[in-house]
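Novice: Sequence first, predicted coordinates after that:
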Amino acid sequence: MSKSSPRYHITTFGCQMNKADSERMAGILEEMGFEWSEDPNQASVILYNTCTIRDNAEQKVYSYLGKQAKRKQVEPNLTLIVAGCVAQQEGEKLLRRVPELDLVMGPQHANQLKNLLEQVFEGNQVVATEAIQIVEDITKPRRESKVSAWVNVIYGCNERCTYCVVPNVRGVEQSRTPEAIRREIEQLAEQGYKEITLLGQNIDAYGRDLPGTTPTGRHLHTLTDLLYYIHDVPGIERIRFATSHPRYFTERLIRACQELPKVCEHFHIPFQSGDNEILKAMARGYTQQKYRQIIEKIREYMPDAAISADAIAGFPGETEAQFQNTLQLVADIGFDQVNTAAYSPRPGTPAALLANQVSEAEKSDRLQRLNHLVALVASQRRERYLGRIEEVLVEETNPKNTNQVMGRTRGNCLTFFDGDIESLKGKLVKVKIKETRAFSLTGVQLD
Ligand code: SF4
């Protein structure tokens, strides 16, 4: 592309779904002739793909936006876009708050970026937040990694977890057809990708909205069936999926993961709280006992499987004793990794309206104690790798030590070893583990 190509910049906040959307939107911008700019100040189209889950992410968006809005006063051709969950939730209010904005678009509109931008270039200020039917997307994402790619399989969520804005902002569940998913994976394999992660807010819901049932009344298309259907795509070496919901997680799925050699032994299953009362108040639809049973079942089939989760500290009404139940669950299960957050009320969610909010000081104290335990448990758990030979899929140079490359084990643990990225990128390498830390490993290459 020539030096004079217009440039774009995207800053992404939040979850993997947002990252996947950003990649798709980057793909669209590149097809429109824009070139990536790391520095937003060099870009003429700036897109903030936002997240409402964490308060500070929302505030950061406003502060970034404020700077660019000032820039726009002297560079009127600058195009400013807010996409994602804040856009969906705030809609036109955002335009009133930041009148310099050109486009406010909800996550369901990511595939429509080209049309929306064309309206902007014609001089309109556009808000696209109404619910739409997601048609099969033909856009080519610009993938961040050249080795590992995300593949959306289901959009939206029909659950009603009381702390979560996703159902409001991402709409009802809409599964892609197995054929379309397989086609995308085949294309990714042709482009040289080695690993794919199937994505959905509640991936266990995959296929519920697609037609057809088996003679026993089971949905014809489930996540398990999808894994069998896409498993043999040549060139793809590893398959992962996220995010699992304990309410819908099945033994059939566990069996498929054990049977299918490309599916990695890593399960990301958020538990959110280890206390049944709190789980009920969250409307999660399972008990901590049921959660434990799922993990036991996984370990029956795959004793070494890596288990990760998400957890919230300080949900409204959570007592110290209830919080202790969360700590107990973390200690008992022995997680490889837990993403933690202090509860933060999101507008429009039932939990935000509860009167019994936990104080900020208490939430942050609980979060700290939880993080401390998570790191302790993870580092104990990581020790099992010491001296073992692990298969690492090499992705990048270690940014902190350029003599090293980094990649992930099948259990999704970041692993470093000495090597040259030119010859190793995208390769599966046997690595003997010499050092373990809470969330990463170091080793030496064997072959
Ligand atoms: S399952 Fe619950 S937490 Fe996850 S996206 Fe749906 S409503 Fe939100």
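Specialist: The structure has been received and is ready for your questions. Numbering: from 1, shown residues only.
Novice: give me every residue that touches the residue nearest to residue 374 when sequence neighbours are not counted.
Specialist: Ranked by Cβ to Cβ, 6 or more residues apart in numbering and with sequence neighbours excluded, the top spatial neighbour of residue 374 is residue 338, at 4.5 Å. The C-beta positions use only the backbone N, C-alpha and C, and glycine is treated the same way. By Cβ atoms under 8 Å, 6 or more residues apart in numbering, the contact list for residue 338 reads 308, 309, 310, 311, 330, 370, 374, 378.
Novice: Pairing partners for residue 155 in the sheet, please.
Specialist: Going by DSSP bridges, residue 155 is paired in beta bridges with residue 174.
Novice: so it touches residue 167, yeah?
Specialist: No: with contact defined as Cβ atoms under 8 Å, residue 155 does not reach residue 167; the gap is 11.7 Å.
Novice: After the host helix or strand of residue 48, which helix or strand is next? Please name it.
Specialist: Per DSSP states H and E: residue 48 is located in strand 45-50. Downstream of strand 45-50, the first helix or strand assigned by DSSP H and E is helix 55-74.
Novice: And the helices in the chain, which stretches?
Specialist: For the chain, the helices defined by DSSP state H occupy 16-31, 55-74, 84-90, 92-97, 113-121, 166-170, 178-190, 223-230, 251-259, 276-281, 288-301, 320-333, 360-382, 421-424.
Novice: Out of those helices, which gets nearest to residue 242?
Specialist: Closest approach to residue 242 among the helices of the chain is made by helix 16-31 (6.7 Å; Cβ to Cβ).
Novice: and the angle from the strand holding residue 48 to helix 113-121?
Specialist: Between strand 45-50 and helix 113-121, the angle comes out at 120 degrees (axes from the mean of the first three to the mean of the last three Cα atoms, to 10 degrees).
Novice: For strand 45-50, name the packing helices and strands.
Specialist: The contact analysis (3 or more Cβ pairs under 8 Å, 6 or more residues apart in numbering; DSSP states H and E) places strand 45-50 against strand 7-12, helix 16-31, helix 55-74, strand 79-83, helix 84-90.
Novice: can you rerun that using 10 Å?
Specialist: strand 7-12, helix 16-31, helix 55-74, strand 79-83, helix 84-90, strand 103-105, helix 113-121 (3 or more Cβ pairs under 10 Å, 6 or more residues apart in numbering; DSSP states H and E).
Novice: follow-up on the earlier one: now the residue nearest to residue 374: how far from the ligand?
Specialist: Distance, residue 338 to the ligand, using Cβ to the nearest ligand atom, to the nearest Å: 15 Å.
Novice: Could you give the bridge partners of that residue?
Specialist: With DSSP bridges as the criterion, residue 338 is bridged to residue 309.
Novice: What is the burial count for the closest residue to the ligand within the stretch 301-447 of the chain?
Specialist: Nearest residue of the stretch 301-447 of the chain to the ligand, counting by Cβ to the nearest ligand atom: residue 310, 8.5 Å away. The number of residues packed near residue 310 is 16, by other Cβ atoms under 10 Å.
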